[in-house]
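J.: coordinates only, sequence not included:
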């Protein structure tokens, strides 16, 4: 007798936990043959708010981690993903990808994570400055993360679009609330399991499945979200989110990119989500000794 | 009987001469290198807020006038400015800086006459900083590749710029200098109460031989600004002003490809620890909130004093306030000049009333205030709660709220508990504590053991609802470039 396969219940990921949506709702996205993939959580506004609370709580400690340590944790995500490569390829194929395309997408995702892992302790050196002010002050500018970043994942891919938006945000010390691809949600949930086993502190990445159309408005109008990034959104929804973002002057970026291209990774995706802070301090100037020996 | 130092001492007035300045009775719009009468032939009066006398008549630009200015800027961008070698562009900007330096005193006097700020400030802070800003950015024009390595750099096109009345010429310099260095052309609107130094700058630009249309100055009210924001052929909007107007602009730009930077309001915390050098800190408090009559977006308007020294600091602060001289901006003795407009004075007075209604304790020194003109005595509010309106909203006047704290963690939480995030001050002798606070305060500029310092090389701008983008320094360039 053949063994009965154990099916996975797909859950959402909030504050390091895997609950189902508080609303109890579900939807059935279809595979390429028109067959239901699974009962996926149709997350609600309340789930979004809970995720923002978790992300805000995680932001302080995560942004204060040593940059080197953040780099190690990001690298650990790549290690964990590598180990579960077959599972992601399988899920991508169930969602309609060819084997070649699926393998390519997973490998590129792993390499992109490694790329951003390396930036953690470098971007601030590259983009900071010591400013030669005319008065007797020491003055420098350095980068600080914006805070809680809302992410509406790219909708036409299951994994690479998600990874390409989340990684530069957390690389720079932000925490995130991510809305997965509505039609291709499987890899987002499995990616949450990778995150869970990668030493990423609870709440730094929160992933919700469901309708971005429904949830993104809550994210865009949330007063405790500092930035919103989206990718390849239709104009109408993008404009609606831009309008809702104004109330707390959320920084909003809409990237029109094909993330499957190899070079769609760069420093500016990190720096877009950084504030520049300038610090001044007087320099004692009592005369006498000079440095001109 | 012991005599207080400040008893019965009076200042002999030391007035700055104004006979050397050149002001026209009437100013037209500066478009395409020419002085053009406004299409609707409407003018408004600009007054001296220190005595309410009319200084000049200023043209009010209509939508059609703004369109003319944008067309001139586009033509200059396409035909001249974007084709010019960057090193030549630099030389024009250097030339403007030099011409400004040569006429600095005239600019200082006019700035004080129209804005109400003290001559000491306009002469020693505003005008030199404005000149230096042009001088600094001039040199960037042919070095942009070094600022953004590994990125493709393009200018944006036509920049629409709207500036406030608190630092009229300085804000014009902050906007125009980096825009030109990055290769853009400009349509700039000064605030309606302070148009004169921008128009005098237009004269200098004319004198410099800058190609016509590269910089256009259109004067007017909010509708003129709205015409700039909504003009379809503008590529970039830069605005400095209130958070409320910033949000209106941001909403108007949804669905357009215009790039935007906003420098908005603030309610910045100035934090004094027990080990701070108290006399210096008191000077820092005074400079933080009373500089430029408190018309400063980054003013240190929320004072946090550690409990152990609160009594001493407040006593010294009150003593220091007794010696502040409120009066004629052109008098070199004056510490606090005139409030920029009647409307702003009414706003400040509204908040003073709110403060009293909230049950706080108000303190104002005994100072004589001129009978004519708009003036407000320096004001402290004690017994203020974190939830007080006067501790939450931007007043934009010489009004300080004082709260106390016990621990570092407490003051970080209190300081960050604001929708704004423009600046903060920290006063302590302990280096490690300074770095703890500078990294935890959510604000764009942190002044440690100093306050209200500015420099062309130093990026300025806010977190959260204080706006986005930076002005000044290398980082200020990216606001005027397309990077890819």
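T.: Received the coordinates, thanks. Note that the structure is a prediction, hence the values are computed from the model and not measured.
J.: use CA for all of it now, contacts and neighbours both
T.: Will do.
J.: and chain B, what are its domains?
T.: Residue ranges for the domains of chain B, per automatic domain parsing: B:26-264+B:466-483, B:269-448.
J.: span of the shortest one from start to end?
T.: In other words, domain B:269-448. 12 Å (Cα to Cα, to the nearest Å).
J.: and that domain, average pLDDT?
T.: Mean pLDDT, domain B:269-448: 97.
J.: chain center to that domain: distance?
T.: 17 Å (Cα atoms, centre = their mean, to the nearest Å).
J.: with stretch A:202-217 instead?
T.: How far stretch A:202-217 lies from its chain's middle: 11 Å, per Cα atoms, centre = their mean.
J.: can you tell which of the domains of chain B is closest to chain A?
T.: domain B:269-448 (4.5 Å; Cα to the nearest Cα).
J.: how about that closest one against chain A, any contact?
T.: Yes. Counting by Cα under 8 Å from any Cα of the partner chain, chain A has neighbours in domain B:269-448: B:419, B:438, B:443, B:444, B:445, B:446, B:447, B:448.
J.: so of the residues you listed, which ones are in strands?
T.: Among the residues of domain B:269-448 next to chain A, the residues falling in strands (DSSP state E) are B:445, B:446, B:447, B:448.
J.: which residues of chain A lie near chain B?
T.: Going by Cα under 8 Å from any Cα, the residues of chain A near chain B are A:131-134, A:139-141, A:146, A:226, A:235, A:239, A:242-243, A:246-251, A:275-282.
J.: on that earlier part again, and the residues of domain B:269-448 next to chain A, which two are the farthest apart?
T.: Greatest spatial distance among these (Cα to Cα): B:419 and B:448, at 21.7 Å.
J.: look at these two and report which has more neighbours.
T.: Using other Cα atoms under 10 Å in any protein chain shown, the more surrounded residue of residue B:419 and residue B:448 is residue B:448, with 24 against 19.
J.: so residue B:56 sits in a helix?
T.: No. Using DSSP: H, G, I helix; E, B strand; the rest coil, the assignment for residue B:56 is strand, not a helix.
J.: settle this for me: it is touching residue B:43, isn't it.
T.: No. Using Cα atoms under 8 Å, residue B:56 is not in contact with residue B:43, being 9.7 Å away.
J.: returning to that earlier point: ok, of the ones in strands among the residues of domain B:269-448 next to chain A, which one's closest to residue B:245?
T.: The nearest member of these to residue B:245, counting by Cα to Cα, is residue B:445 at 22.1 Å.
J.: spit out the contact partners of that closest one.
T.: Residues in contact with residue B:445 (Cα atoms under 8 Å, 6 or more residues apart in numbering or on different chains) are A:277, A:278, A:279, A:280, B:422, B:423, B:424, B:460, B:461, B:462.
J.: the same query, at a cut-off of 7 Å, please.
T.: Going by Cα atoms under 7 Å, 6 or more residues apart in numbering or on different chains, residue B:445 touches A:277, A:278, A:279, B:422, B:423, B:424, B:460.
J.: so what's it bridging to?
T.: When assigned by DSSP bridges, residue B:445 has beta-bridge partners residue A:278, residue B:423.
J.: distance of it from residue B:429?
T.: From residue B:445 to residue B:429 the distance is 19 Å (Cα to Cα).
J.: now swap in residue A:60 and tell me
T.: Look at residue A:60 and residue B:429: by Cα to Cα, they are 26 Å apart.
J.: about what we covered before: out of the contacts of residue B:445, grab the one that's most surrounded.
T.: Tallying neighbours with other Cα under 10 Å puts residue B:424 at the head of the contacts of residue B:445, with 33 neighbours.
J.: correct me, but it touches residue B:266?
T.: No. Here residue B:424 does not reach residue B:266: they are 9.8 Å apart, not a contact under Cα atoms under 7 Å.
J.: helix, strand, or coil at residue B:340?
T.: coil.
J.: tally of neighbours for the residue lying closest to residue A:279 once chain neighbours are set aside?
T.: Spatial nearest neighbour of residue A:279, chain neighbours left out: residue B:446 (4.7 Å); criterion: Cα to Cα, 6 or more residues apart in numbering or on different chains. A count of nearby residues for residue B:446, using other Cα under 10 Å, gives 30.
J.: so residue B:446 makes contact with residue A:280?
T.: Yes. Between residue B:446 and residue A:280 there is a contact at 6.3 Å, judged by Cα under 7 Å.
J.: hmm, back to that, just the buried subset of the residues of chain A next to chain B, written out for ChimeraX, thanks.
T.: The buried subset of the residues of chain A next to chain B, as determined by 16 or more other Cα atoms under 10 Å in any protein chain shown, is captured in ChimeraX by this line:
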select /A:131,132,133,139,140,141,146,226,239,242,243,246,247,248,249,250,251,275,276,277,278,279,280,281
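J.: just the residues of chain A next to chain B: which are in helices?
T.: Using DSSP state H, the subset of the residues of chain A next to chain B located in helices is A:235, A:239, A:242, A:243.
J.: per-residue pLDDT of the nearest residue to the third one once chain neighbours are set aside, please?
T.: Spelled out, that is residue A:242. Excluding the flanking residues, the one nearest residue A:242 by Cα to Cα, 6+ apart is residue B:254, at 6.2 Å. Note for residue B:254: predicted pLDDT of 95.
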